[in-house]
Structure formats: C-alpha cells, structure tokens
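Visitor: coords please:
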Amino acid sequence: MKSLGIIPARFASTRFPGKPLIDIGGKTMIQRVYEQSLLSGLNKVVVATDDERIADEVSRFGGEFVMTASNHQSGTDRCAEVAKNLPGYDIVINIQGDEPFIDPIQINLVRDCFNDEKVQLATLIKAIHSEQELYNPNIPKVIIGNQQQAIYFSRYPIPYLRNPSSSHQFYKHIGIYGYKTATLLEITKLQPSILELAESLEQLRWIENGYQIQTKLTTIESIAIDSPSDLLRL
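Guide: The predicted structure is shown next:
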C-alpha cells in the first residue's frame, strides 16, 4: 500500500509562535522533522501549512509542501485536506511537526500496523516509568486490550488502582497517528463528542463513534518542543 507522510505546521502556536522556524543546531525545526521523516519507508512526505513563511522555508531546503486552509481545528483536519488533494495513497501518517529528532523507526512502526488490512487507525504508546509522567495532565494515558487496541485515553492516570499495593504497567500516548485514507476522510466529518470535549483529546471522538485504534509499543523517547523552555531540555 502507498503511504503518505504529512507534517502539519502552524506558525500561530499559542505557547510558542513561529516554532517551526526556530533554529536548532543550524537547521529550522521543520527542516529537521522533514529530513527525519524522509529516512522512513514512506512513499512521499509533505509539509501541510497555512503560512507563507513556513512554505518559503520548506522551499528553501528543497522540501515539498501543500498550502491548506487556516481554520482547521486539528492536525487531523489539515491532513484530511491534503489527502483529498493528493489522491492515490492508501495510508496517511500524521507526523508531529514539533519533534525535530523523531526516529524514523517510530514512523515505520505506525505504517506497518496497516499490514493488517483490518486496521483503520494506528498510533504509538510507551511504558510510563515515573510518577512525574503519570500525573502530568499534558501527557495522555491509554489503556489497551489484549490485541493492543486502545480502549480509552485520559489525562488522568488510568486505570484506577483500587489496591494501591497492586502492580500495574501504565502507558502514555505518543502523538503520531496513522489512518487509512478512507477512514481519515470519514472521521473528520464527525462532530465533537462528549468524552472528547471532557478530556480535550480528539481520539476519543473516534472511539465513541465505533472506530478502533491499533497501538504499537515503542521504547524510543522523542522530545517535543511545546515552549521555549523545551529548547533547553533538547
């Protein structure tokens, strides 16, 4: 199946305006994400943006971009617009534009979920090993079933351990998504759902509407740049 990697990139970030264009070791963040994505096994990679400054930067380093509408509520919606304009791809991988050193292995892990033709949506999870991560509401947690399909996502630690002495492995969600193209176009027509609005997690909309999300376990830790202070951590 042919796979399309899309990197949504906005200039108007609330916490860090212009972050796709910040310099990281002599290259902009968007260039680093793009170059890392090219190292994966995807058939094509493009940047999806509504800002001419980002488009100009992608052109400068020889990348491909698609201009999109400015009123999208999520990266998923932006990816759907691109998928409509670039037909012929069976799978779309939504690659976070704020992870400059994303590992191509992670991209391929998501893509390879679709070797099973029953898979509609896919994402990554990683084991949590610290209380700081477990109780951080900015790090969504996920519980999975026996077939590694997501049952629920929450900003709260789930499941609740009734017996505090019991042992349980918690997992966090890694925010890279894969979609069958037909599924992507379907889910962007859905209205915001009750659980999605409660947790502010769009993937709950899909689960509430009966879609299944396949997960794959990764041990790789990637660093997202959400604020200027994250640059120090990087």
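
Visitor: middle-most residue in this protein, spatially?
Guide: The centre of the chain sits closest to residue 176, judged by Cα atoms, centre = their mean, with a distance of 2.6 Å.

Visitor: mind checking which helix or strand that one is in?
Guide: With elements delineated by DSSP states H and E, residue 176 resides in strand 171-180, which encompasses its position.

Visitor: helix or strand right after that strand?
Guide: Taking DSSP H and E as the definition, the helix or strand that follows strand 171-180 towards the C-terminus is helix 181-187.

Visitor: helices or strands next to that next one in the packing?
Guide: Counting contacts by 3 or more Cβ pairs under 8 Å, 6 or more residues apart in numbering; DSSP states H and E, helix 181-187 packs against helix 75-85, strand 91-94. Any C-beta I mention is one placed from the backbone N, CA and C, and that applies to glycine too.

Visitor: contacts for the worst-scoring helix or strand of the chain on mean pLDDT?
Guide: Of all the helices and strands that make up the chain, the one with the lowest confidence by mean pLDDT, DSSP states H and E is helix 228-233; it has a mean of 72. When contacts are taken as Cβ atoms under 8 Å, 6 or more residues apart in numbering, the neighbours of helix 228-233 outside the stretch itself are 16, 22, 24, 223, 224, 225.

Visitor: closest to residue 120 out of those residues?
Guide: When the contacts of helix 228-233 are compared for distance to residue 120 (Cβ to Cβ), residue 224 comes out closest, at 25.3 Å.

Visitor: which ones are touching the closest one?
Guide: Taking Cβ under 8 Å, 6+ apart as the criterion, residue 224 is in contact with 96, 98, 99, 175, 230.

Visitor: show me how to select, in PyMOL, the buried members of those residues.
Guide: Of the contacts of residue 224, the buried ones go into a single PyMOL selection, burial set by 16 or more other Cβ atoms under 10 Å:
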select buried, resi 96+98+99+175
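
Visitor: how about a markdown table for the contacts of residue 224, with distance to residue 78 added?
Guide: What follows is the contacts of residue 224, written out as a markdown table (distance: Cβ to Cβ, whole Å):
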| residue | distance to residue 78 |
| --- | --- |
| 96 | 12 |
| 98 | 14 |
| 99 | 16 |
| 175 | 14 |
| 230 | 22 |
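
Visitor: for the protein, just list every one of the helices.
Guide: Listed in chain order, the helices of the chain (DSSP state H) span 29-38, 52-60, 75-85, 104-112, 131-134, 181-187, 194-199, 203-208, 228-233.

Visitor: could I get the ones you listed in TSV, plus columns for distance to residue 45?
Guide: Shown next, in TSV, are the helices of the chain (distance: least, Cβ to Cβ, whole Å):
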stretch	distance to residue 45
helix 29-38	5
helix 52-60	11
helix 75-85	11
helix 104-112	9
helix 131-134	29
helix 181-187	15
helix 194-199	28
helix 203-208	23
helix 228-233	24
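
Visitor: low-confidence ranges, this structure, go.
Guide: Counting by pLDDT under 70, the chain shows low-confidence ranges at 14-16.

Visitor: gap between residue 152 and residue 144?
Guide: Noted for residue 152: a distance of 9 Å to residue 144, by Cβ to Cβ, to the nearest Å.

Visitor: got it, and residue 20?
Guide: Where residue 144 is concerned, residue 20 sits at a distance of 32 Å (Cβ to Cβ).
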